[in-house]
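Participant: Any chance you can model this:
(one chain, ligands or ions: 1)
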Amino acid sequence: MSAFIPTLKTGRAHPHPEPLSGSAFSAVELMPGDRTVVMLDQRLLPRQERYENFQRPEQVADAISTMKVRGAPAIGISAAYGLVLAAVVCDGPRDAFLEVMATTDGMLRRTRPTAVNLAWALDRMHRTVVRIAAEAPRDRVTALAAEARAIHVEDKLACKKMGELGAASVRDGSTILTHCNAGALATGGYGTALGVIRAARDAGKKIRVLSAETRPLLQGARLTAWELHKDGIDVQTITDSMVGSFMARGLIDQVIVGADRVARNGDVANKIGTYGVACLAQVHGIPFDVAAPWSTVDLACPDGASIPIEERGEREVSHVTIGEFEVQVMPDAVRAHNPAFDVTPARLIRALYTELGTASPLDAASLSRLTPPPRAT
Ligand SMILES: CSC[C@H]1O[C@H](OP(=O)(O)O)[C@H](O)[C@@H]1O
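Facilitator: Model (predicted):
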């Protein structure tokens, strides 16, 4: 059976290198030959599963800005692949190469400000850029592709490790609420919050997931429900406004979410609405946990107030847009706000699951006890 599910509309299909199951699925790939990045356009899910092939870094930058690909680790991995594409078209000497890579780095770095994984991945790739700048063009591409793929594979392994750690906290028979999408679509594969859920299921625990729809872009309804349903995990979607009532009625046993940046004091930036869920969980005595790879921890950022919060366009709020389908839900004359993230203070978080271990309570001391991996390059 083809790994590619027919779409409602003919999209340029690229046979995905892995089966379309949620756990094995990844949202972005650098194809063999290092000249093509294949990306699933997540804006079209769940109605269309359409892949796009990119040969230029500008296309990758646009895909990150427009959220064809989204999720903190996934945009870091995509940016790393974008740098590889820049190297493919640059056959100049060392200085010209360094200039092209610096320009490309700046273009990719400006796409989205909140998820620290983007800057982390570009900083890591820059160390390879400097190391190989004087090598032959083909060798430069090979070295950068290897580094970018290492970032991708390491993230997927980190998701598996944090999934195992977090799964130990999941009680058999429980109902878990998650917000936005912190799954395979948001990472190198397997997912962070959804990695915990997958690992709990794989450990034989009977769980049900409630995915909060997550206005305005509906990552919870469109992406998390899609992923978990594909994996045969019991998932139902609720609106963001239902969370309090479900908690008050004892219908939620645990909350697990992803993160876009963890500050040194343990404050966490995540999709808008997360802070409200954490407050409600506190009121109702429900454990609120975060799963994120160490590449999301920013020890240079002292606290949540220092985390840049991305402001996106009003149209994402005033209209509901899925591919070519768009419906206006607000009067023309009324303005809309659209901060894409908010900050949950450390005091509302029970635990942070990372591939290096669990930080709890989530504070500077607990984070400092997790030993970061030796620098890769
Ligand atoms: C595994 S990180 C996922 C993280 O990123 C999402 O934001 P966006 O969809 O805007 O990229 C959301 O905050 C998720 O928790």
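Participant: residues from the chain in reach of the ligand?
Facilitator: With Cβ under 6 Å from any ligand atom as the criterion, the chain meets the ligand at residues 70-73, 180, 182, 186-187, 192, 219, 257-258, 260, 270-271, 340. The C-beta positions use only the backbone N, C-alpha and C, and glycine is treated the same way.
Participant: other SSEs contacting the helix or strand harbouring residue 199?
Facilitator: Per DSSP states H and E, residue 199 falls inside helix 193-202. Where contact means 3 or more Cβ pairs under 8 Å, 6 or more residues apart in numbering; DSSP states H and E, helix 193-202 is packed against helix 137-167, strand 175-179, helix 225-230, strand 254-257, strand 288-291.
Participant: Mind listing what's buried along the helix or strand that the third one is followed by?
Facilitator: When you say that, I think you mean helix 225-230. Per DSSP H and E, the first helix or strand lying C-terminal to helix 225-230 is strand 235-238. Going by neighbour count (16 or more other Cβ atoms under 10 Å), the buried part of strand 235-238 is 235, 237-238.
Participant: Can you get me a residue count around residue 203?
Facilitator: 14 (other Cβ atoms under 10 Å).
Participant: mind starting the numbering at 721 from now?
Facilitator: From this message on, residue numbering opens at 721, which makes the last subject residue 923.
Participant: From the ligand, how far out is the residue of the chain most remote from its centre?
Facilitator: Distance to the chain centre peaks in the chain at residue 813, reaching 35.4 Å (criterion: Cα atoms, centre = their mean). Per Cβ to the nearest ligand atom, to the nearest Å, residue 813 is found 37 Å from the ligand.
Participant: List the residues that contact the residue lying closest to residue 1068 once chain neighbours are set aside.
Facilitator: Leaving aside its chain neighbours, residue 1068 sits nearest to residue 998 (4.1 Å; criterion: Cβ to Cβ, 6 or more residues apart in numbering). By Cβ atoms under 8 Å, 6 or more residues apart in numbering, the contact list for residue 998 reads 975, 1008, 1064, 1068-1069.
Participant: okay, these in a markdown table with pLDDT next?
Facilitator: Shown next, in a markdown table, are the contacts of residue 998 (pLDDT from 0 to 100):
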| residue | pLDDT |
| --- | --- |
| 975 | 99 |
| 1008 | 98 |
| 1064 | 98 |
| 1068 | 98 |
| 1069 | 98 |
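Participant: Out of these, which is nearest to residue 1053?
Facilitator: Comparing these against residue 1053 with Cβ to Cβ picks out residue 1064 as the nearest, at 33.8 Å.
Participant: Just list the residues touching that closest one, thanks.
Facilitator: Contact analysis of residue 1064 by Cβ under 8 Å, 6+ apart lists 987-990, 994-995, 998, 1008, 1010, 1024.
Participant: Sort out for me which of the residues of the chain next to the ligand are in helices.
Facilitator: Per DSSP state H, helices hold the following members of the residues of the chain next to the ligand: 792-793, 939.
Participant: I'd like to know how far the closest residue in space to residue 853 that isn't next to it in sequence sits from residue 795.
Facilitator: Of all residues not flanking residue 853 in the chain, residue 814 sits nearest, at 4.6 Å (Cβ to Cβ, 6+ apart). For residue 814, the distance to residue 795 equals 29 Å [Cβ to Cβ, to the nearest Å].
Participant: again with residue 932
Facilitator: Residue 932 is 21 Å from residue 795, by Cβ to Cβ.
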